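Peer 1: here are the coordinates; sequence isn't available:
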């Protein structure tokens, strides 16, 4: 109780409360605009938060983060266009309901499922993060190094069907992180005596280039994207209590979302797939799945909203980000000198309390906002793509030049904008570049420390129990992945033979 | 037709994989000149070249396998001349963003000449016209967007931008006002 009072005390700061409300509103709006989304918006807003108080800046970005997860359902439900890739399943299940004249019902099911998924995930975050952080206080460099390596392997394994591409992207990001002045002997790596590279590759321009500028170009070079404004039919409150008719689907999806969200690099897609399969099997009306099933919407939205707060658990406890948004958040934390890990809970409990309370209340703010603003947000959802692209490119100036005043930053952003554009064209994963960039220094530093304490002896990683468990987990994960891939190929070959 | 598109994509993908492999090998070959060696008495694990070499080696390997996989797929079903032509057109499309990047650099240049609001207004309007959004509705939308950005970033968040040259031509009070708010 004292903990929440402490959190509410943090929220009594007007700037934090305003950041929560504005962040949530911005998040819902950008989430509803296909192509805009949380990653692009956070990339643009990231540098503007550097001058804010830590909790205010982080709250603003968290608002965008949480709000966009709700907002992305709006175009998915109403115009069959997901606001973000994770709303594809929502579109598949909700649009048939909209066509049947049940758009409002589908939306209210989506909102309330998102709310339950979000609240369960934040609750899990409150109860799990500190114990995990306390456990990590027993970690030395070998344990942290192996946890980081495990996370990297998970990032690769999580990109099923694109594991080689993900490996290339991840190692490219890790290579980028090595550029600059190296600390051990103060030598330069890949700087070629260029002053702007001495302090390393700047994260913000790279993020803006990969996520915002490349998206802007995609949008501006796309075909005419304006659609007719959708009509909202049905009663809005129809679905709010309906979700509780499916408690297993609702709470099961949320819990599985939390479990998968904790694993770095795995993400919402896998969680959705897993939940969809079992929910359909257990459903009393599986024939409705894919044709406008309320349970299908519940699976999609509860999972979508459970994963992001869960991804915060390893980030706050161990300093290991699980996906692009938590990687960006980690950058904000570090800029504000907030170092994730066990000491955060003892040295800065008011920040942690404020963060938890904000995340919980954020869900309430968003749902209240959506109850009144859906009608207008639905109009924004159909805005012309080229206009969105022009706005994103214009906004990119703030993040690339107007906060650092170095001409090198826009050039770096434009270069990575080109890289991101080409990669997107070929459907290569972009997120591992960012994860590699953020995780690279962690892995290098921890490996160096661990090997340093053992005078270069690799057995240091298996001679300590926690580290040995992590090594075993890495080998097991790799072995299981290879086995699954081999089985998949074999069954594909058998199927081809049977077809021939 | 769909099949053609798929095949031309294969050629384009192979070209992309080739570029990635070439760049990663080039970076790996630069390793001896781009990194230093630590003191002889320090352990191998402290060497500055270790992490770049490890990441680049894996990068090269991943790119090489991807390239080889694409090559084998293409060999099993060779592309026709028309498909290769389509692929070249698609490869030229990789450089389409460069046009917008030039506009963006012009925007940065303009920022110091005419200030944030006017350069933003000009940039948005230009982009809208360039992308085919030329009606009065879009001109007004662009104006509104430039105004909102100025209000949020200059008035609200106080983002600093270089003093515009054009403001120097204004009377003192007007110059201060424009410099502070626009």
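Peer 2: Done, it's in. Remember, predicted model here, so these are calculated numbers, not experimental data. Residues are numbered from 1 along each chain as shown, chains lettered A, B, ... in the order given.

Peer 1: which stretches of the chain aren't confidently modelled?
Peer 2: No chain was given, so I picked chain A. The model of chain A has pLDDT under 70 over residues A:1-3, A:35, A:224-238, A:265-267, A:402-403, A:500.

Peer 1: should've been chain B
Peer 2: In chain B (pLDDT under 70), the answer is B:1-8.

Peer 1: what are the ranges of the helices in it?
Peer 2: In order along the chain, chain B carries the following helices (DSSP state H): B:2-29, B:31-34, B:50-76, B:81-92, B:96-114, B:116-130, B:136-149, B:172-181.

Peer 1: who are the neighbours of the shortest one, in terms of helices and strands?
Peer 2: Right, the one you point to is helix B:31-34. Helix B:31-34 sits against helix B:50-76, with contacts defined as 3 or more CB pairs under 8 Å, 6 or more residues apart in numbering or on different chains; DSSP states H and E. Placement of C-beta: from N, CA and C, glycine included.

Peer 1: now do 10 Å
Peer 2: Contact partners of helix B:31-34 among helices and strands, from 3 or more CB pairs under 10 Å, 6 or more residues apart in numbering or on different chains; DSSP states H and E: strand A:187-189, helix B:50-76.

Peer 1: Repeat that for the fifth one.
Peer 2: Other elements packing on helix B:96-114 under the criterion 3+ CB pairs under 10 Å, 6+ apart are helix A:214-220, helix A:385-400, helix A:408-425, helix B:116-130.

Peer 1: List the buried residues in that helix.
Peer 2: Across helix B:96-114, burial judged by 16 or more other CB atoms under 10 Å in any protein chain shown covers B:97, B:100-101, B:104, B:107-108, B:110-111, B:114.

Peer 1: Generate CSV for the helices and strands packed on helix B:96-114, with mean neighbour count and distance to residue B:21 as supplementary columns.
Peer 2: Formatted as CSV, the helices and strands packed on helix B:96-114 follow (neighbours: other CB atoms under 10 Å in any protein chain shown; distance: least, CB to CB, whole Å):
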stretch, mean neighbour count, distance to residue B:21
helix A:214-220, 25, 21
helix A:385-400, 25, 29
helix A:408-425, 22, 14
helix B:116-130, 21, 35
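
Peer 1: Okay, and the residue nearest the centre of chain A sits in which element?
Peer 2: The centroid of chain A falls nearest to residue A:325 when counting by CA atoms, centre = their mean (4.1 Å). According to DSSP states H and E, residue A:325 maps onto helix A:324-335.

Peer 1: What residues of that helix count as buried?
Peer 2: Buried positions in helix A:324-335, judged by neighbour count with 16+ other CB under 10 Å: A:324-333, A:335.

Peer 1: now do stretch B:78-96
Peer 2: B:79, B:83, B:86-87, B:90, B:94.

Peer 1: Can I get these in JSON lines including distance to residue B:42?
Peer 2: Listed next are the buried residues of stretch B:78-96 as JSON lines, based on distance: CB to CB, whole Å:
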{"residue": "B:79", "distance to residue B:42": "52"}
{"residue": "B:83", "distance to residue B:42": "54"}
{"residue": "B:86", "distance to residue B:42": "54"}
{"residue": "B:87", "distance to residue B:42": "49"}
{"residue": "B:90", "distance to residue B:42": "49"}
{"residue": "B:94", "distance to residue B:42": "43"}
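
Peer 1: Name the nearest of the residues you listed relative to residue A:200.
Peer 2: Residue A:200 has its nearest neighbour among the buried residues of stretch B:78-96 in residue B:94, at 27.3 Å by CB to CB.

Peer 1: Let me know the distance separating the residue lying closest to residue B:87 once chain neighbours are set aside from residue B:80.
Peer 2: Among residues not flanking residue B:87 along the chain, residue B:11 sits closest, at 3.5 Å (CB to CB, 6 or more residues apart in numbering or on different chains). Between residue B:11 and residue B:80 the distance is 10 Å, computed by CB to CB, to the nearest Å.

Peer 1: just to revisit the earlier point, which neighbouring elements make contact with whichever helix or strand comes after the helix holding residue A:325?
Peer 2: Next helix or strand after helix A:324-335 toward the C-terminus (DSSP H and E): helix A:342-347. With contacts taken as 3+ CB pairs under 10 Å, 6+ apart, helix A:342-347 sits against helix A:103-136, helix A:294-318, helix A:349-380.

Peer 1: quick one on the thing from earlier: same list, the helices of chain B, but as JSON lines with distance to residue A:178 please.
Peer 2: As requested, those are exported to JSON lines (distance: least, CB to CB, whole Å):
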{"stretch": "helix B:2-29", "distance to residue A:178": "11"}
{"stretch": "helix B:31-34", "distance to residue A:178": "10"}
{"stretch": "helix B:50-76", "distance to residue A:178": "5"}
{"stretch": "helix B:81-92", "distance to residue A:178": "30"}
{"stretch": "helix B:96-114", "distance to residue A:178": "26"}
{"stretch": "helix B:116-130", "distance to residue A:178": "35"}
{"stretch": "helix B:136-149", "distance to residue A:178": "36"}
{"stretch": "helix B:172-181", "distance to residue A:178": "41"}
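
Peer 1: closest to residue A:417 out of those?
Peer 2: helix B:96-114 (6.3 Å).

Peer 1: Taking the buried residues of stretch B:78-96 together, which two end up most distant?
Peer 2: Pairwise distances across those peak at 18.3 Å for B:79 and B:94 (criterion: CB to CB).

Peer 1: Between residue B:11 and residue B:80, which contacts overlap?
Peer 2: Taking CB atoms under 10 Å, 6 or more residues apart in numbering or on different chains as the contact rule, residue B:11 and residue B:80 both touch residue B:86.

Peer 1: Count residues in the vicinity of residue A:453, would you?
Peer 2: By other CB atoms under 10 Å in any protein chain shown, the residues close to residue A:453 number 13.

Peer 1: quick one: it and residue A:141 touch, right?
Peer 2: Yes - taking contacts as CB atoms under 10 Å, residue A:453 lies within contact range of residue A:141: 6.6 Å.

Peer 1: can you list residues touching both of those two?
Peer 2: residue A:460.

Peer 1: residue with max distance from the center of chain B?
Peer 2: Farthest-out residue of chain B from its mean C-alpha position, per CA atoms, centre = their mean: residue B:41, at 43.0 Å.
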